[in-house]
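> Structure of the sequence below:
(one chain, ligands or ions: 2)
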Amino acid sequence: MGFDNIARLFVAGVLFLQLHRLSALGVNELLYFRILRPPDIGYIFSAAPARDFGGDFTSSYDEIFLVPAEPADGCSELRNTHLMEGQVILLQRGGCSFVRKARNVEEAGGRAVLIADDAWDNDSQYLDMITDGTTDTPSIPALFLLGRDGMMIRRSLQRQSLPWAVISIPVNVSALASFPLQQPPWTLW
Ligand SMILES: *[C@@H]1O[C@H](CO)[C@@H](O)[C@H](O)[C@H]1NC(C)=O
Ligand SMILES: *[C@@H]1O[C@H](CO)[C@@H](O)[C@H](O)[C@H]1NC(C)=O
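Ligands and ions are numbered 1, 2, ... in the order given. Below is the predicted model:
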């Protein structure tokens with residue numbers, strides 16, 4: 001068997017595994033974003049939009065900042081609001097409701113919020129984020145991110161003392177044949 005065929009089999013195998021895994025999650029419900037910088041986390045990530053609160057992306061952003069909030073859970077007063085105006089904000093699950101987190105980000109001027117699971121080793125379980133029953137729900141897009149992805153992003157930025165990553169969101173992966181190979185390696189294996 002030539003190298004080409006082996007490579008093709010490999011890609012087909014990866015595709016199969018991915019499709020299989022994603023169908024269990026409901027691939028249609030996921031939304032994708034690509035990290036452009038820093039390059040060490042330059043992958044395409046998947047996130048699950050909240051079920052019954054938050055808005056949709058009305059346009060796509062080729063380059064927008066992804067800013068990790070301080071404090072990470074976004075429940076108390078945010079210390080780095082000066083970086084948040086018009087950007088996408090990364091929070092961590094826990095401490096208060098998803099709605100409270102999203103509202104805090106919206107009030108700080110954030111354009112969208114990604115909430116990463118606080119189970120840092122959990123690379124498989126997307127949560128369906130639902131409202132906490134308050135009527136005052138946020139209107140910015142709110143997405144759930146796997147714990148492992150959130151941890152890898154935050155750790156990379158911390159290591160390099162970067163206040164943000166640069167991302168494209170949302171990314172249309174349906175016409176992107178190489179999409180499975182552009183996902184984070186910790187997702188694939
Ligand atoms: C991830 O979290 C879900 C829900 O809490 C749990 O059922 C699952 O076992 C966890 N998986 C891992 C690998 O920790
Ligand atoms: C994504 O790309 C596919 C294939 O090019 C296209 O048919 C579809 O309309 C696109 N979806 C969006 C939301 O742009």
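> only C-alpha atoms for contact and neighbour calcs from this point on.
Fine.
> what's the neighbour count on residue 165?
Counted with other Cα atoms under 10 Å, the neighbours of residue 165 add up to 23.
> ok, it touching residue 37?
Yes - with contact defined as Cα atoms under 8 Å, residue 165 counts as touching residue 37 (5.6 Å).
> Now the element after the one helix or strand in the chain whose mean pLDDT sits lowest, going C-ward?
Here the helix or strand of the chain ranked lowest by mean pLDDT, DSSP states H and E is helix 3-25, holding a mean of 51. Using DSSP states H and E, the next helix or strand after helix 3-25 towards the C-terminus is strand 31-37.
> List the buried residues in that following strand.
31, 33-37 (16 or more other Cα atoms under 10 Å).
> contacts for it?
Residues outside strand 31-37 that contact it (Cα atoms under 8 Å, 6 or more residues apart in numbering) are 41-49, 165-173.
> Redo the buried residues of strand 31-37 as JSON lines? Include pLDDT and distance to residue 110.
Putting the buried residues of strand 31-37 into JSON lines (pLDDT from 0 to 100; distance: Cα to Cα, whole Å) gives the following:
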{"residue": "31", "pLDDT": "95", "distance to residue 110": "18"}
{"residue": "33", "pLDDT": "98", "distance to residue 110": "17"}
{"residue": "34", "pLDDT": "98", "distance to residue 110": "18"}
{"residue": "35", "pLDDT": "98", "distance to residue 110": "18"}
{"residue": "36", "pLDDT": "98", "distance to residue 110": "19"}
{"residue": "37", "pLDDT": "98", "distance to residue 110": "19"}
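> Contact residues of this structure facing ligand 2?
For the chain, the contact set with ligand 2 under Cα under 6 Å from any ligand atom comprises 172, 174-175.
> Mark which of these are buried, thanks.
Of the members of the residues of the chain next to ligand 2, none is counted as buried by neighbours, 16+ other Cα under 10 Å.
> Adding secondary structure, write these out as TSV.
Below are the residues of the chain next to ligand 2 laid out as TSV (DSSP: H, G, I helix; E, B strand; the rest coil):
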residue	secondary structure
172	coil
174	coil
175	coil
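> how many other residues sit next to residue 89?
28.
> ditto for residue 180
21.
> So it, which state does it fall into?
helix.
> where are the low-confidence patches of the protein?
1-28, 188-189 (pLDDT under 70).
> For it, just list every one of the helices.
3-25, 98-107, 147-159, 185-188 (DSSP state H).
> I'd assumed residue 73 was in contact with residue 118.
No - taking contacts as Cα under 8 Å, residue 118 lies outside contact range of residue 73: 9.1 Å.
> which neighbours do these two share?
Common neighbours of residue 118 and residue 73, counting by Cα under 8 Å, 6+ apart, are 92-94.
> Which one of those is nearest to residue 129?
Nearest to residue 129 among these, counting by Cα to Cα, is residue 93 at 10.5 Å.
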